[in-house]
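1. When you get a sec, could you give me coordinates for this:
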Amino acid sequence: MEKGFTPIAGGVTAAKGFMAASTAAGIKYSGRQDMAMIYSRIPCRAAGTFTTNIVKAAPVKWDQARIEEGAAAQAVVINAGIANACTGQEGMDYCSQTAEAAAQALGIPKESVLVASTGVIGMQLPMDRIAAGVAAMAPKLEEGLAGGEAASKAIMTTDTKNKEAAVQVEIGGATVTIGGMCKGSGMIHPNMCTMLSFVTTDAAISRDLLLAALREDIKDTYNMISVDGDTSTNDTVLLLANGMAGNAEITEKGPDYEAFCRALRYVNETLSKKIAGDGEGCTALFEVQIRGAATKEQAKVLAKAVITSNLTKAAIFGHDANWGRILCAMGYSGAQFDPEKVDLFFESRAGRMQIIADGVAVDYSEEQATKILSEPEVRAIADIKMGEEEATAWGCDLTFDYVKINADYRS
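-> Modelled structure (predicted):
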């Protein structure tokens, strides 16, 4: 990845003018924070990308409409525990009521409030608790790392850890900050997007370029992760820009836009890997790199096929260098390549090892291979020797705990 930026601590409150808060509204969970609010001191330009699932949750429909209208955004209200999906007109009305409650509490237009939900499908939101949660969070909004971190924890469901990332980059003589938080652990599959992600920036950038940057970036970040092959009803990525960094507004593609895109890529890729590495029940982040492809699309198809192969995921859990499963997954991916030209390597902090050369196993140590595959982050690299293109996808191993978690998720 090209540099030119500096990773920093923080998340959605890292950029100037952004505040966050959380509260325990008792929506489904008890004894924990389960609502979060993001707020900008001034209205933002907003971009969003959403699930491709035909079954779309009410918050997705609400946010899509606001984004398509080009409305300024100033706040986001998020709840965990209930997805507000498959809830009919009542669910849509609850989105409107949530936005209205936030508008009144914050003194902003209702149309500038975006909403997001995550959790069990089919249940209706307890609007009395949602409204009380909004009222409780508004006076608690704060800048700084603490508010952002608390918000990132409040949106978790089966996640085992909160997920944040932030970066600073010089654009037009000003320091621009991009920060984000996300949640995602199950029902994760690459097909735009695969969870909830909220990214904020103080960059001054046109709405058209903000949307272009996000739509292009998800192709190589959120769309390249998978945990279980299930594309959610609620998948949402929101990107808000308030312009408070003071840079000359980015209105055309060029060096400033490219610098912004590189920094955005870092944030989104970091968040994507955090999701894949926290897959339900998983013990390892599994990264697959395809090199030497003829086209970018060919590389993506091959990489995705490997990270979504249940047999390969199970082998990674068992620390078993069962390379035949990887080659098999590549073979049924639909992408054309010559299996007799493939070189395959495994690597991790424990070392790097070639497993096959020109499609045939080399003389390698199974013991050393197991050691390499026993790390919390492991990588498979396949060179198909057809060109110069490459792609990377991220997944995780498949464990006994994945079934346990999803067998009693609603209880």
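2. average model confidence for stretch 278-293?
-> In this model, stretch 278-293 has a mean pLDDT of 90.
3. So which bits of it are buried?
-> Across stretch 278-293, burial judged by 16 or more other C-beta atoms under 10 Å covers 278-293. In short, each C-beta sits where N, CA and C put it, glycine included.
4. In the stretch 251-400 of the chain, where is pLDDT below threshold?
-> Scanning the stretch 251-400 of the chain for pLDDT under 70 picks out nothing.
5. got the end-to-end distance for stretch 47-61?
-> Start to finish, the residues bounding stretch 47-61 are 14 Å apart (C-alpha to C-alpha, to the nearest Å).
6. quick one: that stretch to chain centroid distance?
-> Centroid separation between stretch 47-61 and its chain, computed with C-alpha atoms, centre = their mean, to the nearest Å, is 14 Å.
7. Check stretch 132-152 too.
-> Between the centre of stretch 132-152 and the centre of its chain there are 21 Å (C-alpha atoms, centre = their mean).
8. List the contacts of it.
-> Outside stretch 132-152, the residues that touch it by C-beta atoms under 8 Å, 6 or more residues apart in numbering are 9-14, 17-23, 25, 27, 33-39, 77-79, 98, 101-102, 105-106, 162-164, 179, 181-183.
9. May I see the PyMOL selection of the buried members of those residues?
-> The buried subset of the contacts of stretch 132-152, as determined by 16+ other C-beta under 10 Å, is captured in PyMOL by this line:
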select buried, resi 10+11+12+13+14+17+18+19+20+21+22+23+25+27+33+34+35+36+37+38+39+77+78+79+98+101+102+105+106+162+163+164+179+181+182+183
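10. Just the ones in strands from the contacts of stretch 132-152, please.
-> 18-23, 35-39, 77-79, 163-164, 179, 181-183 (DSSP state E).
11. Leu285 reaches Ala380, doesn't it?
-> No - judged on C-beta atoms under 8 Å, Leu285 makes no contact with Ala380 at a distance of 11.9 Å.
12. Could I get the buried residue list for the longest helix along the chain?
-> Criterion DSSP state H: the longest helix present in the chain is helix 255-276. By neighbour count on 16+ other C-beta under 10 Å, the buried set for helix 255-276 is 256-257, 259-276.
13. what does stretch 95-113 give?
-> In terms of neighbour count (16+ other C-beta under 10 Å), stretch 95-113 has its buried residues at 95, 97-99, 101-103, 105-106, 108, 110, 112-113.
14. got the contact list for that stretch?
-> By C-beta under 8 Å, 6+ apart, stretch 95-113 touches 37, 39, 43, 58-59, 61-62, 66, 69, 71-77, 84, 114-115, 125, 127, 130-131, 134-135, 137-138.
15. Going through those residues, which ones are buried?
-> Buried members of those, scored by 16+ other C-beta under 10 Å, are 37, 39, 43, 58-59, 62, 66, 71-77, 84, 114-115, 125, 130-131, 134, 137-138.
16. before we move on, the earlier item: just checking, which of the buried residues of stretch 278-293 belong to strands?
-> Leu285, Phe286, Glu287, Val288, Gln289, Ile290, Arg291, Gly292, Ala293.
17. Which pair in those has the greatest spatial separation?
-> Pairwise distances among those were taken by C-beta to C-beta; the largest, 23.3 Å, belongs to Leu285 and Gly292.
18. and Thr200, that's in a helix?
-> No - counting by DSSP: H, G, I helix; E, B strand; the rest coil, Thr200 is located in no helix; its state is strand.
19. Looking at strand pairing, list the partners for it.
-> Thr200 has these beta-bridge partners by DSSP bridges: Gly179, Leu240.
20. Verify the contact between it and Val176 for me.
-> No - contact criterion C-beta under 8 Å: Thr200 and Val176 do not qualify, at 11.5 Å.
21. got JSON lines for the buried residues of stretch 95-113, with pLDDT and distance to Cys396 too?
-> Listed next are the buried residues of stretch 95-113 as JSON lines, based on pLDDT from 0 to 100; distance: C-beta to C-beta, whole Å:
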{"residue": "Cys95", "pLDDT": "97", "distance to Cys396": "32"}
{"residue": "Gln97", "pLDDT": "98", "distance to Cys396": "37"}
{"residue": "Thr98", "pLDDT": "98", "distance to Cys396": "33"}
{"residue": "Ala99", "pLDDT": "98", "distance to Cys396": "35"}
{"residue": "Ala101", "pLDDT": "98", "distance to Cys396": "37"}
{"residue": "Ala102", "pLDDT": "98", "distance to Cys396": "35"}
{"residue": "Ala103", "pLDDT": "98", "distance to Cys396": "40"}
{"residue": "Ala105", "pLDDT": "98", "distance to Cys396": "39"}
{"residue": "Leu106", "pLDDT": "98", "distance to Cys396": "38"}
{"residue": "Ile108", "pLDDT": "98", "distance to Cys396": "39"}
{"residue": "Lys110", "pLDDT": "97", "distance to Cys396": "40"}
{"residue": "Ser112", "pLDDT": "98", "distance to Cys396": "37"}
{"residue": "Val113", "pLDDT": "98", "distance to Cys396": "34"}
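22. Now, the buried ones among the contacts of stretch 95-113 that are in helices?
-> Ala58, Pro59, Trp62, Arg66, Ile130, Ala131, Val134, Met137.
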